[in-house]
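> Need the 3D shape of this:
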Amino acid sequence: MPDGIALFRGIHAEFLYNREHPGGRRFEPRRLSGPPVVSMTLGQLVATSALHRAPNEVQALIRFNHDSPGETRTLNALRPVLLNCLPPEFSLPVSRHLMRALLAEAPYHFSRGNPAPGP
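As a prediction, the model looks like this:
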């Protein structure tokens, strides 16, 4: 998926999620069940895994303004989680904006009952 599309989807998902859950929804960490959805990109897989491993941190991230010190702190705190979600033989060179977009899309889909974003 081109970065521009992922950024747009993430911004849209973040807006909808924050609007639908203004008080913040609590997610319980859980393991991904079954094999990853085939239509997921590597970035979406990592973001979904991070949501299940560190739900409060992912939710906190999308509550901060873009490019704010809080966003930077939260992304830095999530870095080890994101790296642990990445399969060992892969790398994921993404900007902070794209990572935020991917992380914003994961709780939106989870809150809607979808296991993962579509293509």
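> Find the centremost residue of this protein, please.
What sits nearest the mean C-alpha location of the chain, by Cα atoms, centre = their mean, is residue 103, with 1.6 Å.
> Which parts of the protein are helices?
Taking DSSP state H as the criterion, the chain contains helices spanning 3-20, 42-53, 55-61, 69-85, 96-111.
> Who are the packing partners of the longest one?
Contacts of helix 3-20 with other secondary structure elements, assessed using 3 or more Cβ pairs under 8 Å, 6 or more residues apart in numbering; DSSP states H and E, are made with helix 96-111. Where you see a C-beta, it was placed from the backbone N, CA and C, and this is true even at glycine.
> what is the mean pLDDT for the helix it packs on?
Per-residue pLDDT values across helix 96-111 average out to 87.
> Could you check it and say which residues are buried?
Buried residues in helix 96-111, counted by 16 or more other Cβ atoms under 10 Å: 98-110.
> what's the angle from it to helix 3-20?
If you take axes from the mean of the first three to the mean of the last three Cα atoms, to 10 degrees, helix 96-111 sits at 50 degrees to helix 3-20.
> Helix 69-85 and helix 96-111, what's the angle between them?
Going by the same axes, to 10 degrees, helix 96-111 makes 70 degrees with helix 69-85.
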